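A.B. asks: okay, sequence plus prediction incoming.
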Amino acid sequence: MNLLDEFQQHWKIHFAPLLLPKQKFLLALSGGADSTVLAYLLHQSGIPFVAAHVNYQLRESESERDEAFVQSFCQTLNIPLLIKKIDTQLYVAKHQLSVQVAAREIRYQWFDEIRATNPDLANSWVLTAHHANDSIETSMIHFFRGTGIDGLKGIPAINQSNKVIRPLLPFFRKQIEAFANENKIAFIVDSSNLSNHYTRNFFRNQLIPELETIFPAVQDNLLQNTYRFEETAILYQQGVQLQLKKLIEQKQNEWHIPVLKWKKVNPLHTITWEIIQPFGFTAAQIPEVVKLLDGANSSYVQSDSHRIIKNRQWMIIAPLANMQAHHIIIDGAGKTSFLAGELTLSLHDSAILPTASSGSIAPSNVLSVEWIDASKISFPLQLRHWAIGDYFYPLGMTKKKKVSKFLIDSRLSKTDKEKIWVLESDKKIIAIIGLRIDNRFRYSNSTKQLLKIEFKPV
């Protein structure tokens with residue numbers, strides 16, 4: 001069976017059902033052997049598609065040559081063609097990206113634009129010409145980078161999130177190029193593919209050929225390994241998810257895990273990796289996180305986006321708090337929205353004097369209501385994060401107490417403490433929002449006007 005027959009059989013089984021009525025596929029066409037042969041196979045198979053070529057202007061005359069070739073090729077076969085020309089180096093400088101990441105970003109943003117503006121391509125699948133060698137190289141690169149079992153399964157044939165199909169994955173580069181030569185299909189060669197400057201080219205041009213001198217069937221073996229790893233990954237994820245479901249409890253934007261349960265999981269390091277990797281932690285941080293299980297209260301390990309905090313018998317994974325100073329001026333009664341929720345201040349006649357406030361700590365997810373003597377404050381008030389050195393006189397006490405000590409005594413977690421705001425008047429704290437008012441501002445029988453403080457947390 002030749003490549004065309006194998007391709008058509010593979011397409012019929014795996015991809016034909018994805019084509020919607022009156023829709024076409026969108027082919028990423030570079031002009032190299034892989035994408036040109038894929039275009040020819042699609043054309044010969046009667047599969048409706050539109051080709052899309054990006055001229056990145058990275059290789060001067062070569063980039064112009066590639067564009068001219070693609071135009072000629074598509075014209076010969078009567079293939080609809082779209083072309084985008086862009087100064088990629090300018091894009092790299094503007095967005096502070098590597099050339100490869102920038103090119104990918106440019107390419108997929110353009111695909112989205114095409115789908116949004118062309119009715120016959122709306123929600124269409126993008127076809128790319130990745131083949132077996134690409135999948136093998138990806139698996140090897142991931143192995144050496146230490147990305148875990150998911151990385152070893154190579155490139156997926158279907159990417160649902162980006163709506164990408166890779167119909168040439170079962171076929172090797174040598175099969176594709178041989179088919180091109182047999183059918184006199186012209187293609188261009190990108191000179192940058194010959195340089196080992198890029199990691200993938202080093203694997204392709206140097207490492208794998210060296211391995212083939214020792215293991216002649218290394219590429220076939222590695223391809224079969226990617227298939228096995230793909231099935232192994234499915235079983236692995238099923239087992240992991242069962243473990244994580246028993247361990248993790250999500251509370252709004254935090255994840256809480258009992259310390260003792262985490263310490264007892266088996267295998268500890270593997271499950272720890274599966275817990276922490278979605279939050280930006282690296283494999284190198286696994287020993288540090290495991291050590292944290294026996295760490296001191298409030299100690300933590302940090303990634304670029306999250307912290308894992310030891311809080312007594314719990315491990316808490318929380319987004320990094322925004323530690324910038326926040327100061328909100330409140331000029332009078334009304335509603336004020338801020339990071340922690342919504343604060344409503346309202347003035348009332350003393351005739352509706354409520355039952356004396358207990359000063360107890362309200363649950364973190366319910367409305368908190370406090371009353372104070374309005375004559376003891378003067379607008380504007382200031383709403384801000386609490387700070388080290390802050391003190392107040394908790395309701396019912398005549399001695400001052402540091403806010404930090406009050407929060408410790410309230411048994412708040414490290415992340416809960418970071419969410420605490422205070423309301424102050426003339427540099428005196430009126431209330432720790434949602435927790436306690438200051439004794440100096442309490443109302444009495446002689447109070448004529450009340451200030452009602454309502455706090456609704458997010």
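C.D. replies: Sure thing, it's come through. Numbers count the residues shown, from 1 in each chain.
A.B. asks: what about residue 212, how many neighbours?
C.D. replies: 12 (other C-beta atoms under 10 Å). No exception for glycine: its C-beta is placed from N, CA and C like everyone else's.
A.B. asks: then residue 224?
C.D. replies: Neighbourhood size, residue 224 [other C-beta under 10 Å]: 11.
A.B. asks: for residue 397, same thing?
C.D. replies: 13.
A.B. asks: and the gap between it and residue 301?
C.D. replies: From residue 397 across to residue 301, the span is 37 Å (C-beta to C-beta, to the nearest Å).
A.B. asks: in the stretch 201-350 of the chain, which ranges drop under the pLDDT threshold?
C.D. replies: Applying pLDDT under 70 to the stretch 201-350 of the chain flags the ranges 321-326.
A.B. asks: select the longest helix from this protein.
C.D. replies: helix 218-247 (DSSP state H).
A.B. asks: helices or strands up against it?
C.D. replies: helix 132-145, helix 149-152, helix 208-214, helix 259-264, helix 268-276 (3 or more C-beta pairs under 8 Å, 6 or more residues apart in numbering; DSSP states H and E).
A.B. asks: will you turn the ones you listed into TSV that also has distance to residue 200?
C.D. replies: Shown next, in TSV, are these (distance: least, C-beta to C-beta, whole Å):
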stretch	distance to residue 200
helix 132-145	6
helix 149-152	14
helix 208-214	11
helix 259-264	38
helix 268-276	25
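A.B. asks: any idea which of those helices gets closest to residue 307?
C.D. replies: In terms of C-beta to C-beta, the element of the helices and strands packed on helix 218-247 nearest to residue 307 is helix 268-276, at 10.9 Å.
A.B. asks: any residues touching that closest one, and which ones?
C.D. replies: Contacts to helix 268-276, defined as C-beta atoms under 8 Å, 6 or more residues apart in numbering, come from residues 148, 240, 243-244, 247-248, 257, 262, 265, 283, 285-287, 289-290, 303, 308, 317.
A.B. asks: what of stretch 294-304?
C.D. replies: Residues outside stretch 294-304 that contact it (C-beta under 8 Å, 6+ apart) are 276, 279-282, 285, 288-289, 292, 307-312, 320, 414.
A.B. asks: cool, and stretch 373-388?
C.D. replies: Here stretch 373-388 has contacts from 325-332, 336, 338, 343, 345, 347, 403-404, 407, 420-426, 430, 432-433, 440-444, 447-451, using C-beta under 8 Å, 6+ apart.
A.B. asks: so which of the contacts of stretch 294-304 sit within strands?
C.D. replies: Among the contacts of stretch 294-304, DSSP state E puts 307-311 in strands.
A.B. asks: name the member of those with the most neighbours.
C.D. replies: residue 308 (26 neighbours).
A.B. asks: how close does that one get to residue 273?
C.D. replies: From residue 308 to residue 273 the distance is 13 Å (C-beta to C-beta).
A.B. asks: that's a helix at residue 257, yeah?
C.D. replies: No - assigned with DSSP: H, G, I helix; E, B strand; the rest coil, residue 257 falls outside any helix and is strand.
A.B. asks: any idea what it is bridged to?
C.D. replies: For residue 257, the beta-bridge partners are residue 315 (DSSP bridges).
A.B. asks: mind listing what it touches?
C.D. replies: So residue 257 contacts 247-249, 275, 314-317 (C-beta under 8 Å, 6+ apart).
A.B. asks: swap the cut-off to 7 Å and go again
C.D. replies: 247-248, 314-315 (C-beta atoms under 7 Å, 6 or more residues apart in numbering).
A.B. asks: can you redo those residues as TSV with distance to residue 393?
C.D. replies: Shown next, in TSV, are these (distance: C-beta to C-beta, whole Å):
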residue	distance to residue 393
247	42
248	40
314	32
315	35
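A.B. asks: most surrounded residue in the residues you listed?
C.D. replies: Using other C-beta under 10 Å as the neighbour criterion, residue 315 leads the contacts of residue 257 with 26 neighbours.
A.B. asks: doesn't residue 255 make contact with that residue?
C.D. replies: No - when contacts are counted by C-beta atoms under 7 Å, residue 315 is not listed as touching residue 255 (8.6 Å).
A.B. asks: closest to residue 227 among the ones in strands among the contacts of stretch 294-304?
C.D. replies: residue 308 (35.4 Å).
A.B. asks: just the pLDDT at residue 120, thanks.
C.D. replies: With respect to pLDDT, residue 120 scores 87.
A.B. asks: could you do residue 379 as well?
C.D. replies: Here, the pLDDT recorded for residue 379 equals 90.
A.B. asks: that one belongs to a helix?
C.D. replies: No - assigned with three-state DSSP, residue 379 falls outside any helix and is coil.
A.B. asks: can you pull the contacts of residue 155?
C.D. replies: By C-beta under 7 Å, 6+ apart, the neighbours of residue 155 are 130, 134-135, 138, 166, 169.
A.B. asks: at 10 Å what do you get?
C.D. replies: Residue 155 is in contact with 128, 130-132, 134-139, 164, 166, 169, 226, counting by C-beta atoms under 10 Å, 6 or more residues apart in numbering.
A.B. asks: tell me where the stretch 1-150 of the chain has strands.
C.D. replies: 25-28, 49-55, 81-85, 126-127 (DSSP state E, counting those that start in this stretch).
A.B. asks: relative to residue 105, which of the ones you listed is closest?
C.D. replies: Nearest of the strands of the stretch 1-150 of the chain to residue 105, taken as C-beta to C-beta: strand 49-55 at 11.2 Å.
A.B. asks: pLDDT averaged over the closest one - what is it?
C.D. replies: The average pLDDT within strand 49-55 is 96.
A.B. asks: list the buried residues of stretch 264-271.
C.D. replies: For stretch 264-271, a neighbour-count test (16 or more other C-beta atoms under 10 Å) marks 265, 270-271 as buried.
A.B. asks: which one of these sits closest to residue 42?
C.D. replies: When those are compared for distance to residue 42 (C-beta to C-beta), residue 270 wins out at 42.2 Å.
A.B. asks: for residue 70, grab the count of nearby residues.
C.D. replies: By the criterion of other C-beta under 10 Å, residue 70 has 24 neighbours.
A.B. asks: with the one 10 residues further on instead?
C.D. replies: With neighbours defined by other C-beta under 10 Å, the count for residue 80 comes to 15.
A.B. asks: check residue 160 too.
C.D. replies: Residue neighbour count, defined by other C-beta under 10 Å, stands at 8 for residue 160.
A.B. asks: contacts only, for it.
C.D. replies: Contacts of residue 160 were listed using C-beta under 10 Å, 6+ apart, and they are residue 125.
A.B. asks: just the buried ones from the contacts of stretch 294-304?
C.D. replies: 276, 279, 281, 285, 289, 292, 307-311, 414.
A.B. asks: could those residues go into CSV alongside distance to residue 109?
C.D. replies: CSV is the format used below for the buried ones among the contacts of stretch 294-304 (distance: C-beta to C-beta, whole Å):
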residue, distance to residue 109
276, 31
279, 27
281, 29
285, 33
289, 36
292, 40
307, 33
308, 34
309, 38
310, 42
311, 42
414, 40
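A.B. asks: looking at the residues you listed, which is nearest residue 52?
C.D. replies: When those are compared against residue 52 (criterion: C-beta to C-beta), the nearest one is residue 279, at 35.9 Å.
A.B. asks: show me how to select, in ChimeraX, the buried members of the contacts of stretch 373-388.
C.D. replies: Filtering those down to the buried ones (16+ other C-beta under 10 Å) takes a single ChimeraX command:
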select :328,330,336,338,343,345,403,407,420,421,422,423,424,425,430,432,433,440,441,442,443,447,450,451
